[in-house]
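J.: Need coordinates for the following:
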Amino acid sequence: MKFHHLEDCREIRMMAIFNCLKVKPEVISWSPRIIVLHNFLSMEECDYLRALALPRLHISTVVDTKTGKGIKSGVRTSSGMFLSPEEKKYPMIQAIEKRISVYSQVPVENGELIQVLRYEKSQYYKPHHDYFSDTFNVKRGGQRIATILMYLSDNVEGGETYFPMAGSGECSCGGKMVKGLSVKPNKGDAVLFWSMVCFLNVAC
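T.: Predicted structure coming up:
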């Protein structure tokens, strides 16, 4: 399918409303608060984001808290990219961001640019928290209070998002039985969690 940013705005808005009605929230943990949002994205939206991202993927970095620049790190080995401020104006992106705002209760203008990540076999993001523990990032853009991960594909082995401090039993993550709670990718689903309660999450 070929995608352009000049879609009919009315059609995109109607699709956004329809997709919002299809979303089925499932609370999988109250403390820490983690919600799986089934059917959060349509298949068309998933493919649209992939089409925008694939030509521009590069090795993921972490932010150097002293300089604010991205640096390579053994903590994460994925590839990724951020949508541009111009792409943020595309009708389909606006529809997705509005939906994120509805379910996170964070205004669109307070959100970060959408980042698309790709994890290939044996790639990972080691245990980490998504809130900022340094003053540099907080001063630059404010505190990150919530994160939403949207799954754009599901034909994978492994690929779970693992929350080691959530849940009370064992779960399967990366082919291993471990303590905690894991969310397996399902195309179109999303997982929303609040970052200001200090707990870890990891992609494996």
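
J.: What's the mean pLDDT across stretch 69-84?
T.: The predicted model gives stretch 69-84 an average pLDDT of 83.

J.: what about that stretch, how long is it end to end?
T.: End-to-end distance for stretch 69-84: 17 Å, by CA to CA, to the nearest Å.

J.: distance of the closest residue to residue 72 other than its chain neighbours from residue 73?
T.: Computed as CB to CB, 6 or more residues apart in numbering, the closest residue to residue 72 that is not its neighbour in sequence is residue 61, at 5.7 Å. The C-beta positions use only the backbone N, C-alpha and C, and glycine is treated the same way. Taking CB to CB, to the nearest Å as the measure, residue 61 falls 7 Å from residue 73.

J.: so who does the residue nearest the centre of the chain touch?
T.: Central residue of the chain (CA atoms, centre = their mean): residue 149, 2.3 Å from the mean position. Counting by CB atoms under 8 Å, 6 or more residues apart in numbering, residue 149 touches 161, 190-191.

J.: Now tabulate those in TSV and tack on pLDDT.
T.: Listed next are these as TSV, based on pLDDT from 0 to 100:
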residue	pLDDT
161	84
190	97
191	95
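
J.: Nearest to residue 49 among these?
T.: residue 190 (11.8 Å; CB to CB).

J.: does the closest residue in space to that closest one that isn't next to it in sequence count as helix, strand or coil?
T.: Nearest in space to residue 190, with sequence neighbours left out and distances taken as CB to CB, 6+ apart, is residue 40 at 3.8 Å. For residue 40, the assignment made with DSSP: H, G, I helix; E, B strand; the rest coil gives coil.

J.: Determine the number of other residues adjacent to the closest residue to residue 180 other than its chain neighbours.
T.: Spatial nearest neighbour of residue 180, chain neighbours left out: residue 164 (4.1 Å); criterion: CB to CB, 6+ apart. Residues lying near residue 164 (other CB atoms under 10 Å) number 17.

J.: mind showing which ranges of this structure have poor pLDDT?
T.: Counting by pLDDT under 70, the chain contains low-confidence ranges at 1-19, 63, 65, 68, 123-144, 169-176, 196-204.

J.: ok, which stretches of it are helices?
T.: Assigned by DSSP state H, the helices in the chain fall at 9-22, 43-53, 91-104, 135-141.

J.: contacting residues around the second one?
T.: The one in question is helix 43-53. For helix 43-53, contacts defined as CB under 8 Å, 6+ apart pick out 1, 3, 15, 19, 41, 80-81, 83, 87, 92, 95-96, 114, 116, 118, 150-153, 187-188.

J.: Mind listing what's buried along that helix?
T.: Buried positions in helix 43-53, judged by neighbour count with 16 or more other CB atoms under 10 Å: 45-49, 52-53.

J.: first to last residue in stretch 22-35, what's the distance?
T.: End-to-end distance of stretch 22-35 (CA to CA): 15 Å.

J.: i'd like the first residue to be 68 from this point on
T.: All set: I'll call the first residue 68, so the last point we hit is now stretch 89-102.

J.: Give the buried residues for that stretch.
T.: For stretch 89-102, a neighbour-count test (16+ other CB under 10 Å) marks 90, 95-96, 99-102 as buried.
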